[in-house]
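Chemist: coords please:
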Amino acid sequence: MVINFFNIIAIIGLIAIISGTFMISMKKKFRRRYTYPLLILGGICLEIYSIYINDLIFIILQGIFIISSIYGLIRINERHKNKWGIQN
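Modeler: Alright, predicted model coming up:
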């Protein structure tokens with residue numbers, strides 16, 4: 001049994017998204033540092049896999065998921081900067 005490279009990418013993506021989802025309930029500092037990057041990594045891996053299998057709906061949904069994860073990362077980092085009075 002040979003495992004395809006894209007199947008490994010999909011497995012990595014699923015593990016990253018599941019890990020990131022479990023980390024959402026952890027402390028804010030830990031969540032800011034690890035949760036959203038894991039969600040983004042998992043989304044990108046699953047986006048690559050969905051392109052490989054040519055599933056248009058899955059491609060669109062993963063794109064939206066990646067964008068929303070990036071937005072969440074930006075928001076949580078801005079809140080952290082505003083909390084400590086850091087100005088650009």
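Chemist: for this protein, which helix or strand comes out least confident on mean pLDDT?
Modeler: The weakest-scoring helix or strand in the chain, judged by mean pLDDT, DSSP states H and E, is helix 28-30 (a mean of 71).
Chemist: need the contact partners of the helix or strand following it.
Modeler: Next along the chain after helix 28-30, taking DSSP states H and E as the criterion, comes helix 36-53. Applying Cβ atoms under 8 Å, 6 or more residues apart in numbering, the contact partners of helix 36-53 are 6-7, 9-10, 12-21, 23, 58-59, 62-63, 65-66, 69-70, 72-73, 76. All C-beta atoms are positioned from the backbone trio N, CA, C, and that covers glycine.
Chemist: counting contacts, what elements does the helix or strand where residue 22 lies pack onto?
Modeler: Using DSSP H and E, residue 22 sits within helix 5-23. Judged by 3 or more Cβ pairs under 8 Å, 6 or more residues apart in numbering; DSSP states H and E, helix 5-23 is in contact with helix 36-53.
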